[in-house]
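Chemist: With the input below, show me the fold.
(one chain, ligands or ions: 1)
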Amino acid sequence: MEALDAIEREVDGAFAPVRDEHELRATHARFLGKEGSLTLIMRRMPELAPAEKKTFGQAVNRVKTAVESASEAAEVRVKQAALARELDREPTDVTMPGRRPRVGRQHPLHRVLYDVTDIFVSMGFDVAEGPESDWETNNFERLGFPADHPALDMQDTFFLHNEGRPGPRALLRTHTSTVQIRELLSHPPPVMIVAPGTVFRCDDDATHSPMFAQIEGLVVDEGISLAHLRGTLATFAQRLFGKDVTTRMRGSYFPFTEPSVELDASCSLCGGRDPHCRLCKGSGWLEVAGAGMVDPVVLSNCGIDPEKYTGFAFGLGIDRLAMIRYQVPSIELLYSNDERFLRSL
Ligand code: FA5
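Modeler: A predicted model of the protein is given here:
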């Protein structure tokens, strides 16, 4: 017990001069390390008679607590001193401006996609969705692409699991026109939907990306004519590009529309007046959509009577619209996620 008392008297004096973590650890070990004075005393516990053990145990605990609290107090002192030394070395200039947290915002493709969808919703369209992987039948056959028809080459396709396997082939959809089929199979007319989404083709150059976005439009009801298509797309173009924009239709070909057209909008930048315009390249027109009257074969393939119902459909390339709106020279920029570019739009 005397030895214990002696140790207790040593504790405060031992920790008082401690200046750094190394000294702190050494001083702590002097009492409680493997060969520490308190550890050595505790090892002698078994030599004591049972009656003495209790008093001795309590005394040991008291001294141990004294060591731990002196050690903790010294640790706080050491850390504060280290911080003070560091602040002395590199004084903090409290007048420096703070660092503004960077706030993200919508990707330009999403901005265009939401704006375009909003325009159609305000005209009364519902929004429909379909899966990005689909069956070949929904992507091609029911849309009137005959097997092995040259029109299939227009959309170089990523097939999923196929070669040599029986049964239907799956693919990454090459256009959002798959949603026309899914919609017509599941809803009787009248149908009036737009279907935005991601599509995939084996395509890669300044204006073509292997993954891009389209928005499909489909209206099927009694008495729908090409005039409805023209009016819808003309109104859309004016809402997106401005009131002064005019539209024109050119004859085209898609297996699932008859007649088929391409819709062009007059150039929103030069209005057709600048032969060197960087947007329309002097032609005065920008290609905006593929479209047409739904081919009666498509309606029959989906169990809808083509004698009773007619319809129109269109497909817009969202990436192209974004490139026109933000004057982006290469489609790759929309996918490479370079923050400097994205922040500039
Ligand atoms: C189609 O995909 C038809 N499904 C559109 C359609 C729908 C016609 C309904 C009639 C009725 P097309 O292959 O032309 O058509 O593509 C439509 C638009 O997608 C193009 O005008 C273009 O803007 C965009 N596009 C096509 N391929 C790419 C690509 N690789 N990268 C970026 N945009 C593309």
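
Chemist: can you give me the helices in this protein?
Modeler: 2-15, 21-32, 37-43, 50-89, 108-122, 136-139, 178-186, 226-241, 296-301, 318-326, 339-344 (DSSP state H).

Chemist: Flag every buried residue along the longest one.
Modeler: Spelled out, it's helix 50-89. Within helix 50-89, the residues that qualify as buried by neighbour count (16 or more other Cβ atoms under 10 Å) are 56, 60, 63-64, 66-67, 70-71, 74-75, 78. Every C-beta, even on glycine, is put in place using the N, C-alpha and C of the backbone.

Chemist: same thing with the third one?
Modeler: With burial defined by 16+ other Cβ under 10 Å, the residues of helix 37-43 counted as buried are 37-38, 41-42.

Chemist: try stretch 290-302
Modeler: For stretch 290-302, the buried set under the neighbour-count rule, 16+ other Cβ under 10 Å, comprises 290-296, 298-299, 301-302.

Chemist: S133: what's it in contact with?
Modeler: Under the criterion of Cβ atoms under 8 Å, 6 or more residues apart in numbering, the contact list for S133 reads 160, 170-173.

Chemist: Return the item of the residues you listed having minimum pLDDT.
Modeler: Scanning the contacts of S133 for pLDDT, the smallest score is found at L160, 88.

Chemist: That residue touches P168, doesn't it?
Modeler: No. Here L160 does not reach P168: they are 10.7 Å apart, not a contact under Cβ atoms under 8 Å.

Chemist: I'd like the buried residues of helix 50-89 written out as CSV, with distance to the ligand and pLDDT added.
Modeler: What follows is the buried residues of helix 50-89, written out as CSV (distance: Cβ to the nearest ligand atom, whole Å; pLDDT from 0 to 100):
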residue, distance to the ligand, pLDDT
F56, 85, 88
V60, 79, 91
V63, 79, 92
K64, 74, 93
A66, 76, 93
V67, 73, 94
A70, 73, 93
S71, 68, 94
A74, 68, 93
E75, 63, 94
V78, 63, 93
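
Chemist: close enough to count as contact, F341 and L333?
Modeler: Yes. Under the contact definition of Cβ under 8 Å, F341 touches L333, with a separation of 5.4 Å.

Chemist: neighbour-wise, which of those two wins?
Modeler: Taking F341 and L333 together and counting by other Cβ atoms under 10 Å, L333 has the greater number of neighbours (18 against 14).

Chemist: returning to what we had before: in TSV: the buried residues of helix 37-43, plus distance to the ligand and pLDDT.
Modeler: Below are these laid out as TSV (distance: Cβ to the nearest ligand atom, whole Å; pLDDT from 0 to 100):
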residue	distance to the ligand	pLDDT
S37	79	92
L38	77	91
I41	82	90
M42	78	89
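
Chemist: Find the pair from the buried residues of helix 50-89 with maximum spatial separation.
Modeler: Greatest spacing in the buried residues of helix 50-89, by Cβ to Cβ: F56 and V78 (32.6 Å).
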